[in-house]
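In: Okay, predicted coordinates and the sequence, questions at the end:
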Amino acid sequence: MAEILKGAPVAKSIKERIKAEAESLRQQGIIPTLGIIRMGNRADDISYEKGVIKNCESVGIQARVFEVSADTPMDEFVEILKNVNEDNNIHGILMFRPLPAHIDYEIVKNLIDPRKDIDCMNPINLEKVFEGELDGFVPCTPKAVIEVLKHYNIPLVGANVAIINRSMVVGRPLSMMFLGESSTVTICHSKTKDLPKVTANADIVVGAVGKAKMLGIDYFSENSIVIDVGINDAGEGKICGDVDYDNVFENVKAITPVPGGVGSVTSAILLSHVIIACKNIVK
Ligand code: NAP
């Protein structure tokens, strides 16, 4: 029977740290503040925004929403972003994506102030990750994976890790973070030959395929530590991971559930970045 690596205790301990740091900043007269830029009124953006605001309030971070109409022209949108960039009372910026088609994301991502870039959109911050500078703004989901493993004292030094994903938001930055922990990393993808053999031989397997329950017991061994990053529609308003949890659960060493695993830690990482941003701005 596998150990269940739940996200909630990991998120709780990160949030406790943030709360103490936010309190200390407030005592110095600084209110750590997140600026949320939302273009349009998409239901999933609004629901995510509500969650972020609630999370911010729970740790003493102030959230300010900049609601921009979905048909705002590119030049006006750039002006709004520049104003938020230059506002010294806003420390971190979260911009919901995808942006409408008429907004050039390639330009926008380069404009966001790298010191306020809590979601690691600006290539300057992403480049740092690939240079091994991992204590700044790193992509939140990969960071959440590492935090879960560390929280449960899973050894990373020398561990063989197989990541099934080569995207810029998950697999590639995550591979750099594992290298930073002196793990040995194999990055897998849709063209990887004999994928189950590769993953079953790894100590840690990270699944981020985006295909519901694709990873069955043949992808793992009884010694596998399984981290499921996938968020898939399971019907009836439910979500599931990439791992066939019910069948795999009894045949591996440890596993993250979906929901209640990596995803619940990701939002805590985002909040921790607001504190880093606040310290960057006020120093
Ligand atoms: P993505 O860009 O579509 O990447 C999917 C990866 O899976 C690609 O590298 C792809 O290979 C690989 N893949 C697809 N089919 C495969 C197969 N049959 N065998 C092996 N590899 C296969 O997606 P993403 O944006 O990185 O997100 C991946 C998943 O993570 C999604 O379920 C997403 O919802 C979830 N996610 C979760 C969080 C969180 O906080 N938990 C955050 C972000 C994303 P190729 O490169 O060869 O196409």
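Out: Here it is on my side, so go on. The model shown is predicted, which means the values in this text are computed figures rather than measured ones. Numbers count the residues shown, from 1 in each chain.

In: where are the low-confidence patches of the stretch 151-283 of the chain?
Out: Within the stretch 151-283 of the chain, no range satisfies pLDDT under 70.

In: for it, what spans make up the strands?
Out: 160-164, 184-188, 204-207, 225-228, 232-235, 238-240, 254-255 (DSSP state E, counting those that start in this stretch).

In: quick one: the helices in the protein?
Out: Counting by DSSP state H, the chain has these helices, from start to end: 7-27, 43-59, 74-86, 105-111, 123-130, 140-151, 171-180, 195-200, 245-248, 262-282.

In: Reformat the ones you listed as JSON lines; add mean neighbour count and distance to the ligand.
Out: For every residue, glycine as well, the C-beta is placed using N, CA and C. Formatted as JSON lines, the helices of the chain follow (neighbours: other CB atoms under 10 Å; distance: least, CB to the nearest ligand atom, whole Å):
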{"stretch": "helix 7-27", "mean neighbour count": "17", "distance to the ligand": "9"}
{"stretch": "helix 43-59", "mean neighbour count": "14", "distance to the ligand": "11"}
{"stretch": "helix 74-86", "mean neighbour count": "14", "distance to the ligand": "23"}
{"stretch": "helix 105-111", "mean neighbour count": "14", "distance to the ligand": "15"}
{"stretch": "helix 123-130", "mean neighbour count": "17", "distance to the ligand": "14"}
{"stretch": "helix 140-151", "mean neighbour count": "23", "distance to the ligand": "4"}
{"stretch": "helix 171-180", "mean neighbour count": "20", "distance to the ligand": "6"}
{"stretch": "helix 195-200", "mean neighbour count": "17", "distance to the ligand": "6"}
{"stretch": "helix 245-248", "mean neighbour count": "16", "distance to the ligand": "14"}
{"stretch": "helix 262-282", "mean neighbour count": "22", "distance to the ligand": "4"}
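
In: Lys6 against Pro257, yeah?
Out: Yes - in this structure Lys6 lies within contact range of Pro257 using CB atoms under 8 Å: 6.6 Å.

In: Show the end-to-end separation of stretch 189-205, please.
Out: Between the opening and closing residues of stretch 189-205 lies a distance of 13 Å (CA to CA, to the nearest Å).

In: My error: substitute stretch 34-46 in the last question.
Out: 16 Å.

In: Same check on stretch 142-159?
Out: 17 Å.

In: burial count for Asn88?
Out: By the criterion of other CB atoms under 10 Å, Asn88 has 8 neighbours.

In: My error: substitute Pro32 in the last question.
Out: 27.

In: Ramachandran angles for it?
Out: phi -60, psi 130 (degrees, to the nearest 10).

In: For the strands of the stretch 151-283 of the chain, give me JSON lines that also has distance to the ligand.
Out: Output for the strands of the stretch 151-283 of the chain, formatted as JSON lines (distance: least, CB to the nearest ligand atom, whole Å):
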{"stretch": "strand 160-164", "distance to the ligand": "5"}
{"stretch": "strand 184-188", "distance to the ligand": "6"}
{"stretch": "strand 204-207", "distance to the ligand": "8"}
{"stretch": "strand 225-228", "distance to the ligand": "8"}
{"stretch": "strand 232-235", "distance to the ligand": "6"}
{"stretch": "strand 238-240", "distance to the ligand": "9"}
{"stretch": "strand 254-255", "distance to the ligand": "14"}
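
In: still on that earlier bit, would you list the helices of the chain in TSV and tack on distance to Ala234?
Out: TSV is the format used below for the helices of the chain (distance: least, CB to CB, whole Å):
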stretch	distance to Ala234
helix 7-27	18
helix 43-59	17
helix 74-86	36
helix 105-111	30
helix 123-130	31
helix 140-151	19
helix 171-180	23
helix 195-200	22
helix 245-248	11
helix 262-282	14
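
In: Turn the strands of the stretch 151-283 of the chain into JSON lines, including distance to Asp71.
Out: Converted to JSON lines, the strands of the stretch 151-283 of the chain look like this (distance: least, CB to CB, whole Å):
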{"stretch": "strand 160-164", "distance to Asp71": "39"}
{"stretch": "strand 184-188", "distance to Asp71": "40"}
{"stretch": "strand 204-207", "distance to Asp71": "39"}
{"stretch": "strand 225-228", "distance to Asp71": "38"}
{"stretch": "strand 232-235", "distance to Asp71": "29"}
{"stretch": "strand 238-240", "distance to Asp71": "31"}
{"stretch": "strand 254-255", "distance to Asp71": "45"}
